[in-house]
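Asker: below is the sequence, then the predicted model.
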Amino acid sequence: MDYFLPRMDTFVSNQNSLVSVRNLSFSRGSKVIFDNVSLDFERGKITAIMGPSGTGKTTLLKLIGGQLPPAQGTIVVDGENVHQLPRKQLFQLRKRIGMLFQSGALLTDMNVYDNVAFPLREHTRLPETMIRSLVLMKLQAVGLRGVKDFMPNELSGGMARRVALARAIALDPMMILYDEPFTGQDPISMGVLVHLIKSLNSALGLTSIIVSHDVHETSAIADYIYVLADGKIIGQGTPEAIRQSSSAWIQQFMNGTADGPVHFHYPAKDYFDDLLLSGKRY
Amino acid sequence: MSHSPTQDTLVGLFVAAGIAGLFFLAFQASNLSAYAEHDTYTLTARFENSGGLKVKSPVSAAGVKIGQVIAISFDPKTYDSVVAMHIDSHYNTFPDDTTASIFTAGLLGEQYVNLEAGGSETILKDQDKIEITQSAIILEKAIGQFLFKAAEEKK
Amino acid sequence: MIEQLQLLGNQTRGSFAKLGRGTRFLLQTLSGIGSVIPRPRLLLNQLYSVGVLSFLIITISGLFVGMVLSLQGYYTLSDFGAEASLGLMVATSLVRELGPVVSALLFAGRAGSALTAEIGLMKATEQLSGMEMMAVDPIQRIIAPRFLAGLIAMPLLAGLFSAIGILGGQLVGSGLLGVDDGAYWAQMQAKIDFQDDIVNGIIKSITFGFVTTWIALFEGYDATPTAEGVSRATTRTVVNSAFSVLGLDFILTALMFGDD
């Protein structure tokens, strides 16, 4: 694994956060997704962004990856302001970032092997024999060397995500962004993914950002958690601190109770009045 | 990068078939072979009236196509129509008393120039002029004349 | 009333915005074509799915269109005793109009809709996004080779269509209806002009290939990334391609054959 070594120097750089988001605002149409949010992601750590669906967690990853421009604020990744980089440098930066999409986003017209080889073939001029060794190593790391000849549609959802993870680490990135890695997985796949994210992060010296609403799995591996709701940070801290939080909202979210600050009923006019109105045309 | 030799072969076959189709159109279904024209020489002829003759109308002799019209212009001094033709240089034995006439192929067909050789010893060369010409038969005129004549005879 | 005007205004603005996006997309695609040339493998794969897979429908349709033209033409021409011009009639209609137009319509239905669905699904399953995050430009890697393949395949398909149509016409004409074989070809060869008819027909089909492939790729790229969005985009590809091909055909015909 010695080819991971050159990356070591990034840990000892004086600045401790690899990604820092400052005063970020973003809205889609009239809906405000982020309202003056600032976040820091420390090097070598697993940081989780949690919050209910529709709070723009995936949007945040796209903003960090430079796929969307923010309305206001800056995002600095490894000392570079993502949204002021010219296209070429942005692409250079992206080669050092791996992203795991919710669906895996494997290219459907090639098999597993070619999918993992894809970034290597696109960005390096390595001979095919070396690409083969690298691909097999990455697949071995996620435990799926045995499916290298499968097509993506022959894989289960969990396997597709693991193959996508092998692809994401193909270029030995400094950071991996995980978009809802646990959603819709059976307990075993979920356990495998939790284990993989944790072990890859320490073995490869990665920085990981996980976007998720799976409270249990995420708090099991995260070093630090931000809880987002309605475009604002409503809580942050270590998993332990979050669990102990006095905020009723966070308690409801972490424990998954049906009623609380977020009401069971979507806001509506008075129930009794509404019933009486039935039959009348209004 | 899934690729198989069969796929390559099929793409090759497809491209070959497409090109073959275009070649077929060019050589079998069009006048391209007439374009690859062998050498020609130019003759001109003056007609009182060139009728419906057009550029690219055929020039033939004894029913065989030997060339085509390349330009038709009006001479403002003599009020004649000047027709220039390219004649295939294989057929370079027309005497200078050749007659050029404008005929119509069939009743409604297109018009063409017909060359009919005379008996002179001198041969027409490039840029020469055909002196003896016979104008296009204008159908309306011919019918008019015919009726006129018929009326005369009845008297 | 005001609401309707507002709706109309919004729709107009929407279609202009789409045209703008489409144009920008086209320019990006054109500038991405350069990156395809050092990687002929990408082009070859696309020529297969765009060209080879349209081959059968094009040849069979061409054959039948030629046969029908011959049959219909014969009945009309024989009234004037002009059966000898049958070959000319079949060839003129095919080379000038039906070859480029019908093959472009078939191409839009077969290859165009498949392209839209493919690109739309790649978008819906985050493959395009994923590629971007892997620092690979999907316009260069995915769109440009497909565009180039469409541009190359269309004139070849149209040529095939016309050629097979002419042969089909001859099959019916001289085989079934007893038109003289020599006259069928001779009249055609005498009057079909290489420059005016064949070359113009090829120019038409290249134009149609350009437009239909552009529409197909853009509709896929611009599709709402859901199953419903992709299926709607596929329909739009076929409808918009048909309109564009027929409209452009009128303009091109007026330009090319206007003074003849």
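Answerer: Looks like it arrived, so ask away.

Asker: switch to C-alpha atoms for all contacts and neighbour counts from now on
Answerer: Noted.

Asker: domain-wise, how is chain B divided?
Answerer: According to automatic domain parsing, chain B comprises the domains B:1-33, B:40-143.

Asker: mind checking if the longest one is in reach of chain C?
Answerer: To tie it back to what came earlier, the one meant is domain B:40-143. No: contact of domain B:40-143 with chain C (Cα under 8 Å from any Cα of the partner chain) is absent, the minimum separation being 9.1 Å.

Asker: quick one: mean pLDDT over that domain.
Answerer: Mean pLDDT, computed over domain B:40-143, is 84.

Asker: repeat for the first one
Answerer: The predicted model assigns domain B:1-33 a mean pLDDT of 80.

Asker: for that domain, buried residues please.
Answerer: B:7-8, B:10-12, B:14-15, B:17-22, B:24-26, B:28-32 (16 or more other Cα atoms under 10 Å in any protein chain shown).

Asker: how about the residues of chain C by chain A?
Answerer: Taking Cα under 8 Å from any Cα, the part of chain C that reaches chain A is made up of C:122, C:125-127, C:130, C:132-136.

Asker: for residue C:216, state which of those residues is nearest.
Answerer: Within the residues of chain C next to chain A, the smallest distance to residue C:216 is 13.8 Å, found for residue C:122 (Cα to Cα).

Asker: I'd guessed residue A:91 sits against residue C:135; true?
Answerer: Yes: the pair residue A:91 / residue C:135 is scored as a contact, 4.8 Å apart, by Cα atoms under 8 Å.

Asker: more crowded one of those two?
Answerer: Between residue A:91 and residue C:135, residue C:135 has the larger neighbour count (other Cα atoms under 10 Å in any protein chain shown), namely 23 against 20.

Asker: tell me the spacing between that one and chain B.
Answerer: Residue C:135 sits 18 Å away from chain B when distances are taken as Cα to the nearest Cα, to the nearest Å.

Asker: what's next to stretch C:44-63, contact-wise?
Answerer: By Cα atoms under 8 Å, 6 or more residues apart in numbering or on different chains, the surrounding residues in contact with stretch C:44-63 are B:3, B:7-8, B:10-11, B:14, C:99, C:103, C:106-107, C:110-111, C:145-146, C:149-150, C:153-154, C:157, C:160-162, C:164-169.

Asker: looking at chain C, which helix or strand is least sure?
Answerer: Lowest on mean pLDDT, DSSP states H and E among the helices and strands of chain C sits helix C:181-191, with a mean of 82.

Asker: that one vs chain B: in contact?
Answerer: Yes: Helix C:181-191 lies within reach of chain B by Cα under 8 Å from any Cα, at C:185, C:188-191.

Asker: before we move on, back to that, which of the buried residues of domain B:1-33 are close to chain A?
Answerer: Within the buried residues of domain B:1-33, nothing lies near chain A by Cα under 8 Å from any Cα.

Asker: just those residues: which are in helices?
Answerer: Using DSSP state H, B:7-8, B:10-12, B:14-15, B:17-22, B:32 are the members of the buried residues of domain B:1-33 that sit in helices.

Asker: columns distance to chain C on top of these, output as TSV?
Answerer: Converted to TSV, these look like this (distance: Cα to the nearest Cα, whole Å):
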residue	distance to chain C
B:7	7
B:8	7
B:10	7
B:11	5
B:12	9
B:14	6
B:15	7
B:17	7
B:18	4
B:19	6
B:20	8
B:21	5
B:22	5
B:32	5
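
Asker: and the furthest pair within these?
Answerer: B:7 and B:32 (34.2 Å).

Asker: now the angle between helix C:181-191 and the lengthiest strand in chain B, please.
Answerer: Longest strand in chain B, counting residues (DSSP state E): strand B:64-75. Orientation check (axes from the mean of the first three to the mean of the last three Cα atoms, to 10 degrees): strand B:64-75 against helix C:181-191 gives 30 degrees.

Asker: which other helices and strands contact the next helix or strand after strand B:64-75?
Answerer: Downstream of strand B:64-75, the first helix or strand assigned by DSSP states H and E is strand B:80-88. Applying 3 or more Cα pairs under 8 Å, 6 or more residues apart in numbering or on different chains; DSSP states H and E, one finds that strand B:80-88 contacts strand B:40-47, strand B:64-75.

Asker: in the longest one, what's buried?
Answerer: Within strand B:64-75, the residues that count as buried by 16+ other Cα under 10 Å are B:65-70, B:72.

Asker: averaged pLDDT, the helix or strand in which residue C:239 is found. What do you get?
Answerer: Assigned by DSSP H and E, residue C:239 belongs to helix C:227-257. Mean pLDDT, helix C:227-257: 92.

Asker: also stretch C:115-127?
Answerer: Average pLDDT, stretch C:115-127: 92.

Asker: so the most centrally placed residue in chain B bridges to which residues?
Answerer: Nearest to the geometric centre of chain B sits residue B:58, at 1.3 Å (Cα atoms, centre = their mean). Going by DSSP bridges, residue B:58 is paired in beta bridges with residue B:68.

Asker: residues touching it, list them.
Answerer: Per Cα under 8 Å, 6+ apart, neighbours of residue B:58: B:65-69, B:112-113.

Asker: pLDDT value on the most centrally placed residue in chain A, please?
Answerer: Nearest to the mean C-alpha position of chain A, by Cα atoms, centre = their mean, lies residue A:178 at 2.5 Å. Note for residue A:178: predicted pLDDT of 91.

Asker: which residues does it contact?
Answerer: By Cα under 8 Å, 6+ apart, the contact list for residue A:178 reads A:99-102, A:208-211.

Asker: filter those residues to keep only those in contact with chain C.
Answerer: Checking these against chain C by Cα under 8 Å from any Cα, the ones in range are A:99, A:101.

Asker: in the helix holding residue C:239, which residues are buried?
Answerer: Buried positions in helix C:227-257, judged by neighbour count with 16+ other Cα under 10 Å: C:229-238, C:240-242, C:244-246, C:248-249, C:252, C:256.

Asker: do the same with stretch B:43-58
Answerer: Buried residues in stretch B:43-58 (16+ other Cα under 10 Å): B:43-47, B:49-51, B:53-54, B:56-58.

Asker: ok, stretch C:57-65 next?
Answerer: C:58-59, C:61-65.

Asker: the helix or strand harbouring residue C:86: what's the following helix or strand?
Answerer: For residue C:86, the host element (DSSP H and E) is helix C:86-92. Counting by DSSP H and E, the next helix or strand C-terminal to helix C:86-92 is helix C:99-107.

Asker: and the next element down the chain from that following helix?
Answerer: For helix C:99-107, the succeeding helix or strand toward the C-terminus, using DSSP H and E, is helix C:113-124.

Asker: hmm, residue B:99 and residue B:124 touching each other?
Answerer: No: if you go by Cα under 8 Å, residue B:124 and residue B:99 don't touch, sitting 11.8 Å apart.

Asker: could I get the pLDDT score of residue A:2?
Answerer: The per-residue pLDDT reported for residue A:2 equals 41.

Asker: circling back to that earlier point, what's the longest strand of chain B packed up against?
Answerer: Looks like strand B:64-75 contacts strand B:58-61, strand B:80-88 (3+ Cα pairs under 8 Å, 6+ apart).

Asker: the longest one: which residues count as buried?
Answerer: Meaning strand B:80-88. In strand B:80-88, counting by 16+ other Cα under 10 Å, buried: B:80-88.

Asker: name the helix or strand for residue A:22, please.
Answerer: Going by DSSP H and E, residue A:22 is in strand A:17-28.

Asker: what helices and strands are in contact with the helix or strand following that strand?
Answerer: Using DSSP H and E, the helix or strand that follows strand A:17-28 in sequence is strand A:31-42. Helices and strands touching strand A:31-42, as assessed by 3+ Cα pairs under 8 Å, 6+ apart, comprise strand A:17-28, strand A:232-237.

Asker: strand partners (parallel or antiparallel) of strand A:31-42?
Answerer: If you go by DSSP bridges, strand A:31-42 pairs up with strand A:17-28 (antiparallel).

Asker: what's the mean pLDDT across the partner strand?
Answerer: Averaging pLDDT along strand A:17-28 gives 87.
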